[in-house]
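Enquirer: My questions concern the predicted model and sequence given below.
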Amino acid sequence: MFPGFTKLSWRNSRRRTDGLVTVKPTRIDTAIANEIAHNTNSGLEHAAQAMTWGADEHVVVALAAVGWLYTRLRHPQQRPVADHVLIVSLVTAVLPHVLKSVFDQTRPDRLTVSGHRRGVPFSGRAHDAFPSGHAVHMGALASAAGLLPPAPRNLARSFAVALSLTRVALLAHWASDVVAGFMLGIVVERLFRPFTMAKSRQRQRKAGGQPCIGLAAFAAIFHLIVGASVALAFLAALTVWAIVSVSAWWLRRKLRSVSHKSRRSGHSPSAKGSRFAKP
């Protein structure tokens, strides 16, 4: 049934019944995986392995949090977009884990022998193929790119599609896993956009919603990168948030002081007197 893949591995993969639903690959999935396993090489696999990090949840959430913090300090007019990107990134980081606990599907890299001889690595947990978490992130990115001008929009969408395809090239997912994940990311971004980008929501966040978003961002980073518990992650996030808030307040105060001094020096009495002084 799976030419190029070991039947023994396929039988062993059926032993796990943790999920509620078992998903089987389609014939098209198997045909694509067979072609990759028989024609790939170590150079291609190493390149795909390096590229796929760009769609990893740790990287995506960290970049979204850094961008969110940067807009708070330097580009206040971009805050609604930064809030939207951060919230969508957090949701798309959690959602695949929830779905993978419901669905069981063996990754194609656990069913091939010839592929490993040609450099195919092992990716993630053996039975967490459906859906592709990387593709969920990239689908959300491709959808959010609609907020950008045409040139960067096309670049972002091409980037998202290319990174999603690396999951197929690595045999980390079946092609249908990547398509499903990509479509799910688009749906998530579209569902959250009316709420995160609405003017009424912007006013609510300016009034008191920003600390909640910031705490959630830092907690997610600690939980994903450090692997800490949720309680410890939020405690660390609260500490970092307090430090960042005080630092931002101090920086804004210094900038206002410098701006105020420059204005006073430009309109000082001595300057006015010299301007009308007799030659």
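Expert: Nice, I can see it.
Enquirer: What are the boundaries of the helices in the stretch 1-150 of the chain?
Expert: All helices of the stretch 1-150 of the chain, identified by DSSP state H, counting those that start in this stretch, fall at 7-13, 27-39, 42-51, 57-73, 79-102, 114-117, 133-144, 150-169.
Enquirer: For the second one, output the C-alpha coordinates as PDB.
Expert: Output in PDB follows, covering the C-alpha atoms of helix 27-39 (Å, rounded to 0.1, in the frame of the first residue of the first chain):
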ATOM      1  CA  ARG A  27      -2.900   8.200  -2.400                       C
ATOM      2  CA  ILE A  28      -1.700  11.500  -3.600                       C
ATOM      3  CA  ASP A  29       0.100  12.000  -0.200                       C
ATOM      4  CA  THR A  30       1.800   8.600  -0.600                       C
ATOM      5  CA  ALA A  31       2.800   9.300  -4.200                       C
ATOM      6  CA  ILE A  32       4.400  12.600  -3.400                       C
ATOM      7  CA  ALA A  33       6.200  11.200  -0.400                       C
ATOM      8  CA  ASN A  34       7.500   8.300  -2.500                       C
ATOM      9  CA  GLU A  35       8.900  10.700  -5.100                       C
ATOM     10  CA  ILE A  36      10.700  12.700  -2.400                       C
ATOM     11  CA  ALA A  37      12.100   9.700  -0.600                       C
ATOM     12  CA  HIS A  38      13.500   8.200  -3.900                       C
ATOM     13  CA  ASN A  39      14.900  11.400  -5.400                       C
END
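Enquirer: on that earlier part again, tell me the most buried of the helices of the stretch 1-150 of the chain?
Expert: Neighbour counts (mean count of other CB atoms under 10 Å) averaged over each of these peak at helix 133-144, with a mean of 27. All C-beta atoms are positioned from the backbone trio N, CA, C, and that covers glycine.
Enquirer: re earlier: tabulate the helices of the stretch 1-150 of the chain (CSV), appending mean pLDDT.
Expert: Converted to CSV, those look like this (pLDDT from 0 to 100):
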stretch, mean pLDDT
helix 7-13, 41
helix 27-39, 92
helix 42-51, 91
helix 57-73, 85
helix 79-102, 87
helix 114-117, 82
helix 133-144, 93
helix 150-169, 92
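Enquirer: So which elements touch the helix or strand encompassing residue 180?
Expert: For residue 180, the host element (DSSP states H and E) is helix 175-196. Here helix 175-196 touches helix 27-39, helix 79-102, helix 133-144, helix 150-169, going by 3 or more CB pairs under 8 Å, 6 or more residues apart in numbering; DSSP states H and E.
Enquirer: Ok, which of those comes nearest residue 110?
Expert: helix 27-39 (11.2 Å; CB to CB).
Enquirer: Next, the angle from that closest one to helix 150-169.
Expert: Calculated by axes from the mean of the first three to the mean of the last three CA atoms, to 10 degrees, helix 27-39 forms an angle of 80 degrees with helix 150-169.
Enquirer: angle of helix 27-39 against helix 175-196?
Expert: Going by the same axes, to 10 degrees, helix 27-39 makes 110 degrees with helix 175-196.
Enquirer: Helix 27-39 - contacts with which helices or strands?
Expert: Secondary-structure packing of helix 27-39 (3+ CB pairs under 8 Å, 6+ apart): helix 114-117, helix 150-169, helix 175-196.
Enquirer: Not counting the helix holding residue 180 itself, show me its contacts.
Expert: Under the criterion CB atoms under 8 Å, 6 or more residues apart in numbering, residues 25-26, 28-29, 32-33, 80, 83-84, 87-88, 91-92, 95-96, 105, 129-144, 160, 164-165, 167-168, 173, 201 lie in contact with helix 175-196.
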